[in-house]
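# okay, here's the prediction I keep looking at, along with the sequence it came from:
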Amino acid sequence: MPTAVETARYLIHLASREREPVWLTHLQLEKLLYYVQAWTLVARRKPFFDDRIEAWKYGPVVPSVYQILKPFEKNPIPHTEGEDGSRLNQEERSIIRSVWEGYKAYSPLGLAIKTHDERPWAETFRPDSDGRCSNEIPLELMRTFFEGKYRQHQRPGFELETLRRAEEELQLGRVVPFESAFS
C-alpha cells in the first residue's frame with residue numbers, strides 16, 4: 001500500500017508533466033489526496049493509503065504530508081518535490097491519474113470550497129475556540145458519501161458492483177472479456 005507522501009509526490013510529478021506545467025500549492029495537493037482516498041474507497045472498498053486525513057479549517061489535510069511540505073506554505077511546490085511513481089504499481093498510478101484528470105482544473109480555493117460543501121468535512125470539522133480542528137474524517141463517511149455521488153452520476157449499464165467483481169477476477173488471474181462483463 002502506498003503512503004500519502006508517495007501519492008503526493010506522484011501528483012506533483014503529474015502536474016509538472018502537463019503541456020503547460022501546473023504549480024500545485026499545498027492546499028490543492030491536500031485536497032487531491034483526499035479525493036484519491038475517497039474514490040479508492042468507493043471503487044476498491046479499501047483505503048489507498050493508511051495516513052490519517054483530518055478536517056482542518058480550509059478542508060481535508062493529511063498531516064504526514066503537511067509536515068513534509070510545510071516549508072512551502074502558500075507558495076507553489078517545486079516540481080523537484082515530485083517523483084515519477086516508480087514505487088507505485090500500474091493500478092495505483094492509474095487511480096492517481098484519474099483523480100488528477102478529474103480535479104486538476106480546480107483552483108486551490110475552488111478545491112477548498114468544494115470540500116467544504118461535502119458531508120465528510122462538514123460533519124467532521126468542529127473547531128476549538130482558536131478555530132482549529134484535528135478530527136479525523138472517518139473513512140466510512142467518505143465512502144458512503146462518495147458512493148452516493150457516484151450513483152447520482154452513474155451511467156446505465158455501468159454498475160460499480162460489476163467493476164468490483166471484474167477487479168476480483170483480475171486479482172485471481174481470471175481475465176474476463178470487457179463485453180461479457182456487462183452482459
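Great, that's in hand.
# low-confidence regions, the chain specifically.
Residue ranges of the chain with pLDDT under 70: 153-183.
# which residues does residue 61 contact?
Neighbour list for residue 61: 30, 53-54 [criterion: C-beta atoms under 8 Å, 6 or more residues apart in numbering]. In short, each C-beta sits where N, CA and C put it, glycine included.
# for it, give the beta-bridge partners.
residue 54 (DSSP bridges).
# what segments of the protein are helices?
In the chain, the segments counted as helices under DSSP state H are 4-16, 26-44, 63-69, 90-103, 108-116, 119-124, 139-153, 160-171, 178-181.
# name the nearest residue to the spatially most central residue of the chain, sequence neighbours excluded.
Among the residues of the chain, the one closest to the centroid is residue 36, at 1.6 Å (C-alpha atoms, centre = their mean). Spatial nearest neighbour of residue 36, chain neighbours left out: residue 99 (4.8 Å); criterion: C-beta to C-beta, 6 or more residues apart in numbering.
# which residues does the one you found contact?
Shown in contact with residue 99 (C-beta under 8 Å, 6+ apart): 32, 35-36, 39.
# what's the local residue count around residue 37?
Residues within reach of residue 37, counting by other C-beta atoms under 10 Å, total 25.
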